[in-house]
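Asks: Please find the sequence and the predicted model below.
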Number of protein chains: 2
Amino acid sequence: MVVNSSSELTDDEVDRIFRALADATRRDIVRRTLAGEASVSELAGAYAMSFAAVQKHVAVLEGAGLVTKKPRGRERVVRGNPDAIRRAQRLLDAYEQIWRSRIDRLDALLDSTPSQQQ
Amino acid sequence: MVVNSSSELTDDEVDRIFRALADATRRDIVRRTLAGEASVSELAGAYAMSFAAVQKHVAVLEGAGLVTKKPRGRERVVRGNPDAIRRAQRLLDAYEQIWRSRIDRLDALLDSTPSQQQ
DNA sequence: GCTATTTACAACCATGTGGTTGTACGTTAC
DNA sequence: GTAACGTACAACCACATGGTTGTAAATAGC
């Protein structure tokens, strides 16, 4: 899974999260496994590609911490990880924040500057 | 820029947004240009790589709609696009929603099922 | 115990990515 | 006008990515 225990994410971890989300098949796997767990072969049945290809997609998601995989008999049960989604949300929130604080600075500047009438 | 005018994003557009965010240098460019506009050469000065490399990163961000680039004299002024960030946030919110509705379903199931005392 | 199912993993291939250098061109400054 | 600056773009390289097929091993079902 390769996920830092601290609440702070390294650049590599963030890279992996966004990289993993940058593929429609993988996003669909995340959707399915957030809605309900599924085995790798169940997932593989849903896409027009080989079992091995789906297996690789699951591995990428697992490496990013977006899903977990645990053995049950001969199957591997894949489950979406809502925490990873929330971590990604927090990252985007940070960018929003940067934007807002810029606007705030500009607003403050306008407030403190007597308007120049023309 | 290559951004759909409708509020719905295509798979390719989503791919480009997440792909663009999956690189630390590009995330830093987004941060800087959300905080305040910068020319390509100003950005290039901030990283230990060639001007052309930074130029490519900016192009990737522009292709994802995460920044805009407009000419000013001989410079190209790069500006972060908060709307694209918000679009990405909405995407992640959708996954959160899937998770929540699953929990809701499970809760409802538990509520409607008489508890089995042991 | 056999057979079918499910997974793991290696090897391979085409294409994409992130970096480089080099060259050309428009704009600014003097 | 000329030199310096900022940008664009092509060509190239190493490596990653997304797909394939094939083989082997663990588990389940009969």
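Replies: Yep, that arrived.
Asks: Tell me the secondary structure at A:R79.
Replies: When classified by DSSP: H, G, I helix; E, B strand; the rest coil, A:R79 comes out as strand.
Asks: which other residues reach stretch A:88-96?
Replies: Contacts made with stretch A:88-96 from outside it, assessed by CB atoms under 8 Å, 6 or more residues apart in numbering or on different chains, are listed as A:9, A:14, A:17-18, A:21, B:30-31, B:34, B:80, B:82, B:85-86, B:88-89, B:92-93, B:96. The C-beta positions use only the backbone N, C-alpha and C, and glycine is treated the same way.
Asks: These in helices, which ones?
Replies: Counted as lying in helices by DSSP state H, out of these, are A:14, A:17-18, A:21, B:30-31, B:34, B:82, B:85-86, B:88-89, B:92-93, B:96.
Asks: Neighbour count says what about those residues? Which are buried?
Replies: A:V14, A:I17, A:F18, A:L21, B:V30, B:L34, B:P82, B:I85, B:A88, B:Q89, B:L92 (16 or more other CB atoms under 10 Å in any protein chain shown).
Asks: looking at it, A:T25 is touching A:M49, isn't it?
Replies: Yes - in terms of CB atoms under 8 Å, A:T25 counts as a neighbour of A:M49; the distance is 7.5 Å.
Asks: Of these two, which one has the most company?
Replies: A:T25 (17 against 12; other CB atoms under 10 Å in any protein chain shown).
Asks: In contact with that one, which residues are there?
Replies: A:Y47, A:M49, A:V54, A:H57.
Asks: so how far is A:E8 from A:F18?
Replies: From A:F18 across to A:E8, the span is 16 Å (CB to CB, to the nearest Å).
Asks: Can you pull the residues of chain A lying near DNA strand D?
Replies: Residues of chain A lying close to DNA strand D (CB under 7 Å from any atom of the strand) are A:19, A:22-23, A:25, A:49-50, A:52-53, A:56-57, A:60, A:73-74.
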